[in-house]
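Novice: Pasting the sequence and the predicted coordinates here, then a few questions.
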Amino acid sequence: MTTIFKRLPVHTPLAQFFSRHDDPLVRGFITRLDRSSIQRKRVAFAKAFVLNVFIVAAMAVITYMAMVRDVLSGMPTSLKLAACLTQDSLIAFAIYILLRSTTIPFLFGECRLRLMHGFRETEIIIRKLPSAYRNTEKPIPEDQRLKRYWVMASRAVDPDLLYCNAGAMLSPEYWTIEYAAVFDALRSISMTEIKEDDFEFAVWRRDNENWTVCELWRLDEVMTEHEEIDMFKNFLLPSGRSDLSGISQEKLPFLPSFKS
């Protein structure tokens with residue numbers, strides 16, 4: 001299994017690409033190639049567009065109602081001022097969080113991406129490494145690291161938890177695409193500096209100036225079918241995933257391939 005762990009030379013274009021988009025608090029990324037149908041991508045975009053239109057409309061209505069309430073309130077001036085400051089501050093903060101985490105990335109990221117590049121058969125997905133997996137206090141064996149990465153990465157790029165899905169809005173595990181990195185990747189690919197295949201399903205970790213990649217897409221090449229099933233049973237089913245608890249033994253051999 002050691003063949004799927006590789007170290008990138010510091011001065012390679014791919015290492016420099018990830019360094020440009022990294023910072024001391026991130027120190028890693030997850031990448032994969034989305035090869036779902038164009039029709040599915042269009043439907044997902046349409047649903048996200050409707051959701052964000054609803055969010056903007058709802059925020060406008062809430063803001064209008066708050067302003068009307070402040071004007072028509074019959075409370076004494078001092079109490080009215082205190083109530084307005086408190087309630088309006090809470091409303092403004094909630095609106096800011098919702099817009100910042102959902103609507104702004106969608107409008108200035110996803111919509112811009114679709115306008116410039118449209119819908120393609122293969123699309124690059126890049127996201128930051130979840131904070132729980134960015135740092136480890138001590139080295140761990142490579143086989144354990146592989147299993148940890150696989151479990152984390154599979155959950156971390158779950159399309160149902162993408163920020164622009166209604167079901168993900170209240171989830172603590174929702175995630176956002178790094179649109180700046182995606183635009184840079186498309187530019188670099190067009191200039192033949194890097195290749196699209198470089199962004200197959202993988203975990204990228206930074207240690208000082210060095211980048212190490214765990215190429216999870218190679219698991220089919222280095223693991224047998226029974227090893228894949230054992231990894232699934234041992235590291236997903238005991239983790240408390242209620243959505244996986246009902247999977248029967250008969251279904252395990254038909255799990256999707258690790259390849260994107």
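Specialist: Structure received. Numbers count the residues shown, from 1 in each chain.

Novice: only C-alpha atoms for contact and neighbour calcs from this point on.
Specialist: Noted.

Novice: May I ask which helix or strand encompasses the spatially closest residue to residue 28 that is not a sequence neighbour?
Specialist: Among residues not flanking residue 28 along the chain, residue 205 sits closest, at 4.4 Å (Cα to Cα, 6 or more residues apart in numbering). Applying DSSP states H and E as the criterion places residue 205 in strand 202-207.

Novice: Can you name the residues that contact residue 179?
Specialist: Taking Cα atoms under 8 Å, 6 or more residues apart in numbering as the criterion, residue 179 is in contact with 109-110, 126.

Novice: can you pull the pLDDT of the residue nearest the centre of the chain?
Specialist: The centroid of the chain falls nearest to residue 175 when counting by Cα atoms, centre = their mean (3.5 Å). Note for residue 175: predicted pLDDT of 87.

Novice: Please report how far it lies from residue 25.
Specialist: 16 Å (Cα to Cα, to the nearest Å).

Novice: one step back: grab the CA positions of the strand holding residue 205 and hand them over as PDB.
Specialist: Extracted in PDB, the C-alpha atoms of strand 202-207 (Å, rounded to 0.1, in the frame of the first residue of the first chain):
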ATOM      1  CA  ALA A 202      -6.400  12.200  -3.300                       C
ATOM      2  CA  VAL A 203      -5.400  13.800   0.000                       C
ATOM      3  CA  TRP A 204      -2.600  16.400  -0.100                       C
ATOM      4  CA  ARG A 205      -0.600  17.200   3.000                       C
ATOM      5  CA  ARG A 206       2.000  19.900   3.500                       C
ATOM      6  CA  ASP A 207       5.000  19.500   5.900                       C
END
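
Novice: quick one: strands adjacent to it?
Specialist: strand 28-34 (antiparallel), strand 210-214 (antiparallel) (DSSP bridges).

Novice: C-terminal to the longest one, what's the next element?
Specialist: Going back to what we said before, that points to strand 28-34. Downstream of strand 28-34, the first helix or strand assigned by DSSP H and E is helix 38-72.

Novice: Please spell out which residues along the very next helix or strand once past that next one are buried.
Specialist: Per DSSP H and E, the first helix or strand lying C-terminal to helix 38-72 is helix 77-98. Counting neighbours by 16 or more other Cα atoms under 10 Å, one finds that the buried residues in helix 77-98 are 84, 88, 95, 98.

Novice: between these, which is closest to residue 188?
Specialist: Within the buried residues of helix 77-98, proximity to residue 188 (Cα to Cα) peaks at residue 98, which comes in at 32.2 Å.

Novice: Now do that closest one, the pLDDT please.
Specialist: pLDDT recorded at residue 98 is 86.

Novice: Please apply the same query to residue 194.
Specialist: 93.

Novice: Surely it is within a strand?
Specialist: No: counting by DSSP: H, G, I helix; E, B strand; the rest coil, residue 194 is not found in a strand; it is coil.

Novice: Look at the closest residue to it other than its chain neighbours and say how many residues are nearby.
Specialist: In this structure, residue 194 finds its nearest non-sequential neighbour in residue 188, 5.9 Å apart by Cα to Cα, 6+ apart. Neighbourhood size, residue 188 [other Cα atoms under 10 Å]: 17.

Novice: All set, thanks.
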